[in-house]
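Novice: for reference, the sequence and a predicted model appear below.
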Amino acid sequence: MRRYAKRALIALAIVALVFGALFAFQRRLIYFPSAGPLPSAPGGRDVTLITADGVRLTAWHFPVPGARAAVLVAPGNAGDRSMRLPLARALNARGLSVLLLDYRGYGGNPGRPSESGLAWDVRAAREYLEDERVIYFGESLGAAVVSELATEVPPAGMVLRSPFTSLADVGRYHYPFLPVRSLLLDRFPVVDYVAKVRVPVTVVYGGSDTVVPPGQSRAVAVAAHGKAVEVPDADHNDAVLLDGPEVVEAVVSLALSGA
């Protein structure tokens, strides 16, 4: 009995250690910033955004004289704003101004990303565009960031690319053997946010997404009473979901509606 009890205690200690490590380092499994700083973007302006908690963020602004709207681009959880340059150029070509945001910890910015930190970051970006008619564009995790912002500062319209219903839901999809909901510090409940928003919403998603299940993106569109646009056979990080025609047309259509 003593031997079995000892083995049980060792097993429990190992489980506790694993769960403790997952809890402590979970944000390293969620946020994947690239190193910085970044050089200036051709055709863009280097701007500095100052958040309510005092973090100075670098961003790129691509203004278009007489633009019908400005697009605030909130990126996903990986890389930096340089990866979103093709989208900015495609939208510029259609007559829309663009602000490419990098969160704290991304693109050479100081700080460490978290749910509350990203909320401050996107608010600083929105304040920079305070005098403009704004369309929110959120990519994957960025869809959660702009959806939360929209509950307080509604845009003229919102395009959500490959959104999940909540971070816990997508976490349980990939790690069904873990108590994800109990472990998570950052939750990003997208469905709850969009249900409170009363602006035009378009959801664009890949039909073969292996990161965010397509059903979750469709559920976000339903909760938002919005339009769902499936890009057949597209996976989460395919180029067609970065600046492909379905993505660009979704943004342009909202920007021009009611303009």
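Specialist: Good, I have the coordinates. Residues are numbered from 1 along each chain as shown.

Novice: does Tyr136 lie in a helix or a strand, and which?
Specialist: Tyr136 is part of strand 134-139 when elements are defined by DSSP states H and E.

Novice: sorry, that was for Val122
Specialist: helix 115-128.

Novice: buried residues in that helix?
Specialist: Neighbour counts over helix 115-128 (16 or more other Cβ atoms under 10 Å) mark 115, 117-126, 128 as buried. Any C-beta I mention is one placed from the backbone N, CA and C, and that applies to glycine too.

Novice: turn those into CSV, including pLDDT.
Specialist: Listed next are the buried residues of helix 115-128 as CSV, based on pLDDT from 0 to 100:
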residue, pLDDT
Glu115, 97
Gly117, 97
Leu118, 98
Ala119, 98
Trp120, 98
Asp121, 98
Val122, 98
Arg123, 98
Ala124, 98
Ala125, 98
Arg126, 98
Tyr128, 98
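
Novice: what about Ala69, distance to Leu241?
Specialist: Counting by Cβ to Cβ, to the nearest Å, the gap from Ala69 to Leu241 is 21 Å.

Novice: okay if I get the buried residues of helix 115-128 as TSV plus distance to Thr58?
Specialist: Shown next, in TSV, are these (distance: Cβ to Cβ, whole Å):
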residue	distance to Thr58
Glu115	21
Gly117	15
Leu118	15
Ala119	18
Trp120	15
Asp121	11
Val122	15
Arg123	16
Ala124	11
Ala125	11
Arg126	16
Tyr128	12
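
Novice: looking at Ala69 and Leu241, which is more packed in?
Specialist: The residue with more neighbours, out of Ala69 and Leu241, is Ala69; 27 against 22, by other Cβ atoms under 10 Å.

Novice: ok, now which ones touch the more buried one?
Specialist: Residues in contact with Ala69 (Cβ atoms under 8 Å, 6 or more residues apart in numbering) are 96-97, 132-135, 156, 255, 259.

Novice: the residue nearest to it when sequence neighbours are not counted sits in which helix or strand?
Specialist: Leaving out its chain neighbours, the residue that sits closest to Ala69 by Cβ to Cβ, 6 or more residues apart in numbering is Ala255, at 4.0 Å. Assigned by DSSP H and E, Ala255 belongs to helix 245-256.
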